[in-house]
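Chemist: Below are the sequence and a predicted model for it; my questions follow.
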Amino acid sequence: MKYKVEPLKSWGKAKELRKAYFDNYVNARQSGGLRVCGSAWAFHALPYGLGEDIYWLTGEPYGAQVAFDKDANKQLQDVASNKGWAHDLCSYMRSYWGSIYADKWVFGGKWPTADFAFTNQICCSHSKWYQEVARSEKIPFKAIDVSSGAYEWIKGVDDPRITYIANQMAEAIEWMEKITGRKFDDENFIKHLKYEFRATSTWAKICELQKTIPAPLDEKAIFSLYSLATLNKADKSTAEYYDELYDEAADRAKRGIAAVGSERCRLISDTQPPWGFLKMFRYLEDFGAMSIGSLYTFGLQGIFEEKKDGTWGYRPTPMDKGIEINDRETALKLYAEWNAAKPEYQQFYDPNIKTRLMMHIIKEWKVDGVMLHLNRGCEGLSLGIMQNKDELSELGIKVMTYEGNMGDETEFDEDRVLARIDSFMELLGLEKIKKST
Amino acid sequence: MGDGYLHGIKEDIAGDGLFDQFFEWYDDRNSYAKKWKERTGGKVVGSLCTYTPEEVLTAANCLTVRLLGFHEPQDVTEPYLFAMFCPFSRDTLAQGLKGKLDHLDGVVMAHSCLHLRQTYNVMKHKLPVEFAWYLPIPNNVKDKYAKEFMASEIERFKESVEEWREFKIDENRLEDAITLMDKNRHLLRTVYEYRKDDNPHLTGMEALAMVTASELVDKHDANREIEKILKYLPSRKIKTDSKVGSRLIVIGSEDDDMSFAHMVEHEDATVVIDEHCTGTRWFWKEIGPEHDNLSQERRIGDRYCSRPACPTKDYAMDDGTRLRFLHILKLCGDYNVDGALLIQQKFCDPHEGDMVPLKEFLSEHDIPSLQLEFDVTLPLGQFKTRVEAFLETIGEEDLF
Ligand code: SF4
Ligand code: SF4
């Protein structure tokens, strides 16, 4: 082994938090709490104005959880198809709808109906997803439109594009008061907004530690760790956990502790992986290759910025910058602007921007090659991916593509993908250094 | 010799030739645009969605042409779009990659679905255009703040067009463009009124040619031609009354498939109304005269937010109700519709995302429907039997 490896100490805690999240959602009503469902990109902090007893269920991580269970996945996808939904729709969404129709909670028991649906709309599927949830579960629904253009087209916090998003949130507050009969408490909202700023900025800081050789984390682990922010980025436990994880990852980086002891080739992936086949990332290790992350795992929730010196790194929170957040209007504007900067939003407008951000990672994180997942399950994040391939190749970057589906194993051909990896490794000049386990 | 978009069905279009000019424009769209440029010295801008505010471009002496496909298999888009994106967006892109759109000076993407956005982004980089603009359009068009946002985006768009064209679009020019566009909308609506009659005066294919061609040519030309048609329409019969057969609505995204309309209307059926982007969704509402001291940008924006919404933009209701469905129901009533053909472009997520509730909704309102999964680039023969069977069912229902 080239580098020393150690298990991640905080791993167990991440697992506990994840389990508690789903359990709490199911049990929310026992203590009079509210169940809220929506996209992983929803403004998670906002409903906390209704009280501390808010329990989120975000659809994408739920869909990913279903994908891990091959039998359930097949059953729920089939249920959605039998209802008449097209096979090519977002596979997470189909699993989620399948769960509602089948009245099946993938962890066991009956489907827990939400009190209301509150989501964002940037992908064509976001509002359609929760429109159908509202129709099936007979619950109120609201979607905030965040499709106001790429961040670099926005001129500061007072740009009408930001005002548009902030105004919709202000309206959503009144709506939430109306449908729940609860009074909105700005202080509690702002408290959770600060957790969200902190968690999403710290996550980006953690990802920056991946610049270290050997990388303290690998993407297999990152898949589990980033997902805490997708579950609920406005929860205190997420912010606290990421602080703890940062300390541990920083310590590993300092001491040269590797995630993959054989690391000699650093890759990045793209979009959600085929969740049922994460072992393909293990297979890379046979060649001494590992994925240090991706624009997807870094920037789905992590908030970064392009620095004056031309590098790319975590964005300090408004609190770090000494900005006071004491009133609703300021909070909503900052919240809208912070989210508009989300790296994974940018490719919804122009693949050039995504290529540029990927190039930051490739150069600054010392990456040797890129694996692009042509993910049939997610049109949103696959948008422009062939253009990215073209642009990266033109810049001299070694790129492989493979077809698959994050949440539908019938669209993943394992042998074929492994064969493509073999060819890619050859292209990178790598031979197997140990037998595949 | 035209550009060939009618694929030889021109010869089959029997009748009095009243709509021939529209068929010709549809068929010769690229030649028309090139000649228009020579004639006017203006610029030609390709539009990738019905939400493009054409008024601004018209005022800047630009011809807006809706970019559509050729309805034929192609193999040039694979390096840019992978298999999961809709055939319409691929077919449209193919036109550009094959050099058929080299006369375009600009391309505009009015924010709608993801698929078409890719077409735009590839065109922006691969076509020899001077001007490319991505126009954010509110998704939630019925939201309280959508109109204000839309107006600010139109303002930004106008500024960028002015910069490109190197002249200011003054209020008079923009008002003239609004009046011109509104006149086109009004005339199209007037023609559509005749379709409500027992014998609808024009076929669905003719209506399709008229609206789609209006999306491709100078509105002065289109208006002149529609006015001409309107003189003859009141006394015109398209078929013997018994041959009008089942009255159909076509519902979908982009549908400029002449051969499909042609095939359907060869049966005992007539398409009397539509709810798609190359039909009513493009022209249904007018901007109207100045009122309440609203800015021109705001008036234009209000129209785009209030016109019948595309599925990506229809989620304002708390309970998940689609306003679009209520509009469809009204059309079905107004046009005395017997059945609905749901044209589902393969991989079209926005429409797929409405399909199940739409079918249930139509069924709850006793409107029989047939869903057909289209691939604009594949032959339509496969649908013939299904359409026939559907029409038979509707016919039987009529008996009881
Ligand atoms: S971005 Fe992908 S995962 Fe998210 S809703 Fe859209 S298709 Fe589904
Ligand atoms: S057919 Fe559907 S997916 Fe394709 S461009 Fe039209 S709306 Fe978009």
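Modeler: Received it, and whenever you're ready, just let me know what you need. Treat the numbers as computed from the prediction; the structure is a model and nothing was measured. Ligands and ions are numbered 1, 2, ... in the order given.
Chemist: Check the burial of whichever residue of the stretch 251-400 of chain B sits closest to ligand 2 by counting its neighbours.
Modeler: Residue nearest to ligand 2 within the stretch 251-400 of chain B (C-beta to the nearest ligand atom): residue B:348, separated by 3.0 Å. C-beta coordinates here come from the backbone N, C-alpha and C atoms, glycine included. Neighbours of residue B:348 under the rule other C-beta atoms under 10 Å in any protein chain shown: 29.
Chemist: Give me the nearest residue to it, chain neighbours excluded.
Modeler: Excluding its sequence neighbours, the residue lying closest to residue B:348 (C-beta to C-beta, 6 or more residues apart in numbering or on different chains) is residue B:86, at 4.9 Å.
Chemist: what does residue B:139 give?
Modeler: Taking C-beta to C-beta, 6+ apart, and ignoring the residues beside it in sequence, residue B:139 has residue A:145 as its nearest neighbour in space, at 4.3 Å.
Chemist: Need phi/psi at the one you found.
Modeler: phi -80, psi 120 (degrees, to the nearest 10).
Chemist: okay but the residue nearest to residue B:348 is in contact with residue B:117, surely?
Modeler: No. The criterion here is C-beta atoms under 8 Å, and residue B:86 misses it with residue B:117 at 11.5 Å.
Chemist: Go through the helix or strand of chain B with the lowest mean pLDDT and flag the buried ones.
Modeler: In chain B, no helix or strand scores lower on mean pLDDT, DSSP states H and E than helix B:241-244, which sits at a mean of 76. Of the residues in helix B:241-244, residue B:244 count as buried by neighbour count, 16 or more other C-beta atoms under 10 Å in any protein chain shown.
Chemist: all strands for chain A, in order.
Modeler: Counting by DSSP state E, one finds strands in chain A at the ranges A:34-38, A:54-58, A:116-121, A:141-145, A:265-269, A:289-294, A:304-306, A:312-314, A:369-375, A:398-404.
Chemist: Not counting its neighbours along the chain, what's nearest residue A:272?
Modeler: Counting by C-beta to C-beta, 6+ apart, residue A:272 lies nearest to residue A:406, which is 3.8 Å off, once chain neighbours are set aside.
Chemist: So the one you found sits against residue A:273, correct?
Modeler: Yes. With contact defined as C-beta under 8 Å, residue A:406 counts as touching residue A:273 (6.6 Å).
Chemist: follow-up on the earlier one: burial check on the residue nearest to residue B:348, number of neighbours?
Modeler: Close neighbours of residue B:86, defined as other C-beta under 10 Å, add up to 30.
Chemist: With residue A:150 instead?
Modeler: 19.
Chemist: Tell me which residue in chain A sits closest to ligand 2.
Modeler: When distances are taken as C-beta to the nearest ligand atom, chain A reaches nearest to ligand 2 at residue A:124, 7.6 Å away.
Chemist: who's in contact with that residue?
Modeler: Residue A:124 makes contacts with A:379, A:380, B:113, B:114, B:312, B:349, B:350, B:353, as judged by C-beta atoms under 8 Å, 6 or more residues apart in numbering or on different chains.
Chemist: Poorly predicted segments of chain A, please.
Modeler: Along chain A, segments meeting pLDDT under 70 span A:434-437.
Chemist: The stretch 201-350 of chain B too?
Modeler: For the stretch 201-350 of chain B (pLDDT under 70), the answer is B:242, B:316, B:320.
Chemist: Could I get the full set of helices for the stretch 301-437 of chain A?
Modeler: Ranges of helices within the stretch 301-437 of chain A are A:328-340, A:343-346, A:351-364, A:379-382, A:385-394, A:414-427, based on DSSP state H, counting those that start in this stretch.
Chemist: Relative to residue B:250, which of those helices is closest?
Modeler: helix A:379-382 (24.9 Å; C-beta to C-beta).
Chemist: Can you give the distance from the closest one to the centre of its chain?
Modeler: Chain-centre distance of helix A:379-382: 13 Å, with C-alpha atoms, centre = their mean, to the nearest Å.
Chemist: Please determine whether it lies in contact with ligand 1.
Modeler: Yes. Applying C-beta under 6 Å from any ligand atom, one finds helix A:379-382 touching ligand 1 at A:379, A:380, A:381.
Chemist: List of residues touching that helix?
Modeler: For helix A:379-382, the external contacting residues (C-beta under 8 Å, 6+ apart) are A:90, A:122-125, A:270-272, A:296, A:344, A:347-348, A:373-376, B:82, B:84-85, B:114-115, B:347, B:349.
Chemist: for stretch A:347-360, same thing?
Modeler: By C-beta under 8 Å, 6+ apart, stretch A:347-360 touches A:122-123, A:147, A:149-150, A:152-153, A:268, A:270, A:295, A:299, A:304, A:306, A:311-312, A:343, A:346, A:370, A:380-381, A:383-385, A:387-388, A:391-392, A:395, A:397, B:114, B:117-118, B:121, B:125, B:134.
Chemist: Weed out the non-buried ones from these.
Modeler: Using 16+ other C-beta under 10 Å as the burial test, the contacts of stretch A:347-360 include A:122-123, A:147, A:149-150, A:153, A:268, A:270, A:295, A:299, A:304, A:306, A:312, A:343, A:346, A:370, A:380-381, A:383-385, A:387-388, A:391-392, A:397, B:114, B:117-118, B:121, B:125, B:134 as buried.
Chemist: Residues of the stretch 201-350 of chain B that sit close to chain A?
Modeler: Within the stretch 201-350 of chain B, the positions near chain A by C-beta under 8 Å from any C-beta of the partner chain are B:311, B:312, B:315, B:318, B:319, B:320, B:322, B:344, B:346, B:347, B:349, B:350.
Chemist: Write the PyMOL selection for whichever of those residues are buried.
Modeler: Burial among these is assessed by 16+ other C-beta under 10 Å; the matching PyMOL selection reads:
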select buried, chain B and resi 311+312+315+320+322+344+346+347+349+350
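Chemist: The residues of the stretch 201-350 of chain B next to chain A: which two are farthest apart?
Modeler: Farthest-apart pair in those is B:318 and B:346; separation 31.9 Å (C-beta to C-beta).
Chemist: Not counting sequence-adjacent ones, nearest residue to residue A:280?
Modeler: Excluding its sequence neighbours, the residue lying closest to residue A:280 (C-beta to C-beta, 6+ apart) is residue A:417, at 6.1 Å.
Chemist: Equivalent analysis for residue A:34, please.
Modeler: The shortest distance from residue A:34 to any non-neighbouring residue, by C-beta to C-beta, 6+ apart, is to residue A:115 (4.8 Å).
Chemist: Can you verify my assumption that the one you found contacts residue A:36?
Modeler: Yes. Using C-beta under 8 Å, residue A:115 is in contact with residue A:36, at 6.6 Å.
Chemist: neighbour-wise, which of these two wins?
Modeler: Counted by other C-beta under 10 Å, residue A:115 and residue A:36 do not tie: residue A:36 has more neighbours, with 28 against 21.
Chemist: residue in the stretch 151-300 of chain B nearest to chain A?
Modeler: The nearest approach of the stretch 151-300 of chain B to chain A comes at residue B:152, 4.0 Å away (C-beta to the nearest C-beta).
Chemist: Check which helix or strand that residue maps to.
Modeler: Here residue B:152 sits within helix B:146-165, counting by DSSP states H and E.
Chemist: pull the CA atoms of whichever helix or strand comes after that helix into PDB?
Modeler: As assigned by DSSP H and E, the chain's next helix or strand after helix B:146-165 is helix B:171-194. C-alpha atoms of helix B:171-194 as PDB (Å, rounded to 0.1, in the frame of the first residue of the first chain):
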ATOM      1  CA  GLU B 171     -41.600  53.500 -28.200                       C
ATOM      2  CA  ASN B 172     -43.300  54.000 -31.500                       C
ATOM      3  CA  ARG B 173     -41.500  51.200 -33.200                       C
ATOM      4  CA  LEU B 174     -42.300  48.800 -30.400                       C
ATOM      5  CA  GLU B 175     -45.900  49.900 -30.300                       C
ATOM      6  CA  ASP B 176     -46.200  49.200 -34.100                       C
ATOM      7  CA  ALA B 177     -44.700  45.800 -33.500                       C
ATOM      8  CA  ILE B 178     -47.200  45.100 -30.700                       C
ATOM      9  CA  THR B 179     -50.000  46.200 -33.000                       C
ATOM     10  CA  LEU B 180     -48.700  44.000 -35.800                       C
ATOM     11  CA  MET B 181     -48.300  40.900 -33.700                       C
ATOM     12  CA  ASP B 182     -51.700  41.500 -32.100                       C
ATOM     13  CA  LYS B 183     -53.300  41.800 -35.500                       C
ATOM     14  CA  ASN B 184     -51.900  38.500 -36.500                       C
ATOM     15  CA  ARG B 185     -53.200  36.900 -33.300                       C
ATOM     16  CA  HIS B 186     -56.600  38.500 -33.900                       C
ATOM     17  CA  LEU B 187     -56.800  37.300 -37.400                       C
ATOM     18  CA  LEU B 188     -55.800  33.700 -36.500                       C
ATOM     19  CA  ARG B 189     -58.400  33.700 -33.800                       C
ATOM     20  CA  THR B 190     -61.000  34.900 -36.300                       C
ATOM     21  CA  VAL B 191     -60.200  32.100 -38.700                       C
ATOM     22  CA  TYR B 192     -60.300  29.600 -35.700                       C
ATOM     23  CA  GLU B 193     -63.800  30.900 -34.900                       C
ATOM     24  CA  TYR B 194     -65.000  29.300 -38.200                       C
END
